[in-house]
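Undergrad: What follows is a predicted structure for the sequence shown.
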Amino acid sequence: DGFYQSHRRQLAQILAESFDDVQFQIVWKSQNQFWRFWERVEKDGNYLWAKGHSRHGADWNLGMVEMYAHHEPIHFEIAHLIKKQIEEGNLDQAVGIVPIPGPACFQLEGLAQTVSELAPLQLSTDGKLAFAIYRLDKRLLANGIFEIEVMGKSIEEVALNHKRRLPFKDLERIILELTEATSQPFERADVPIYGLSDYDFMQLGNEDNLGRDAKIVWLNRVCRTPMTREQLMTFDL
């Protein structure tokens, strides 16, 4: 809760917005699937599905807790800002329909993964490391799909290469995630979004492209305005 409150205070200051009314309920699930959390913004409230399956049991440490305390709430905070825009007549209400997976996930997941860098938010060393490892993991999965489907490499070959970069993750799980990402319809649509959006957002936010003040202007616009990938990548300040 301390990490979450810190995130809320920092982001509220940067976006000049109050998030005091943004609440969500955690609902525990136990399916054997790749996701740890799945945000659900529904008519009757906000829900964060959390995974209690043993598959993720060894993942948790203090840095990971801090990372998710910044990653997950921003989904609900962005939904809150978009809802306000709809209520004020600035956006069509159809914008509030966000299928997962879908094109809007590029923006939502990209922001969640990179907001700590782009805002920037104050994190502990463990929190920064957890974010970096998370982004590396997602990028490797996206690259792995390309290597398997386009370059014709075997899942085992790609997994061995990933293992050298992900010493905290066992080889069997890497193989499982690559198998799911290249064979399961939901995972095949959802998984690449993380790696691609993270890479694109970090390129946009590079100091050579945007200075600190420009990043704040960019964040204020992007957190309130749903955009396609093309619109995001050609955004003119």
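TA: Structure received. Remember, it's a predicted structure, so these values are computed and weren't measured experimentally.
Undergrad: going forward, measure contacts and count neighbours with C-alpha atoms only.
TA: Will do.
Undergrad: In this protein, mark out all the strands, start to finish.
TA: 25-29, 37-42, 45-51 (DSSP state E).
Undergrad: Reformat those strands as a markdown table; add mean neighbour count and distance to His75.
TA: Compiled in a markdown table, the strands of the chain are given as follows (neighbours: other CA atoms under 10 Å; distance: least, CA to CA, whole Å):
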| stretch | mean neighbour count | distance to His75 |
| --- | --- | --- |
| strand 25-29 | 13 | 13 |
| strand 37-42 | 16 | 7 |
| strand 45-51 | 17 | 10 |
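Undergrad: want to try JSON lines for those, with distance to Gly211 and mean pLDDT as columns?
TA: Converted to JSON lines, these look like this (distance: least, CA to CA, whole Å; pLDDT from 0 to 100):
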{"stretch": "strand 25-29", "distance to Gly211": "36", "mean pLDDT": "93"}
{"stretch": "strand 37-42", "distance to Gly211": "31", "mean pLDDT": "91"}
{"stretch": "strand 45-51", "distance to Gly211": "34", "mean pLDDT": "92"}
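Undergrad: Identify whichever of these lies nearest to Tyr199.
TA: Proximity of the strands of the chain to Tyr199 was assessed by CA to CA; the nearest stretch is strand 37-42, lying at 21.0 Å.
Undergrad: Tell me which of the strands of the chain lies nearest to Val98.
TA: Going by CA to CA, the one of the strands of the chain nearest Val98 is strand 37-42, 8.9 Å.
Undergrad: Pull up the gap between Asp170 and Gln33, please.
TA: The gap separating Asp170 from Gln33 is 16 Å, by CA to CA, to the nearest Å.
Undergrad: do the same with Pro99
TA: Relative to Gln33, and taking CA to CA, Pro99 is found at 19 Å.
Undergrad: more neighbours, those two?
TA: Summary of the neighbour comparison: Pro99 and Gln33, criterion other CA atoms under 10 Å, with Gln33 having more neighbours (13 against 9).
Undergrad: what residue of the protein is the furthest out?
TA: Here the chain has its C-alpha centre computed as a mean, and the residue farthest from that point, by CA atoms, centre = their mean, is Gly152 with 28.3 Å.
Undergrad: Can you give the contact residues for stretch 155-170?
TA: With contact meaning CA atoms under 8 Å, 6 or more residues apart in numbering, stretch 155-170 is reached by Asp137, Leu140, Gly144, Glu147, Ile148, Leu171, Ile174, Ile175, Leu178, Thr179.
Undergrad: let's see 6 Å
TA: Ile174, Ile175 (CA atoms under 6 Å, 6 or more residues apart in numbering).
Undergrad: chain center to that stretch, what's the gap?
TA: 22 Å (CA atoms, centre = their mean, to the nearest Å).
Undergrad: Next, the buried residues of that stretch.
TA: Under the neighbour-count criterion of 16 or more other CA atoms under 10 Å, stretch 155-170 has Ile155, Glu156, Val158, Ala159, His162, Lys163, Leu166 buried.
Undergrad: just stretch 124-138 next, same as before
TA: Using 16+ other CA under 10 Å, the residues of stretch 124-138 that count as buried are Asp126, Gly127, Lys128, Ala130, Phe131, Ile133, Tyr134, Arg135, Leu136, Asp137, Lys138.
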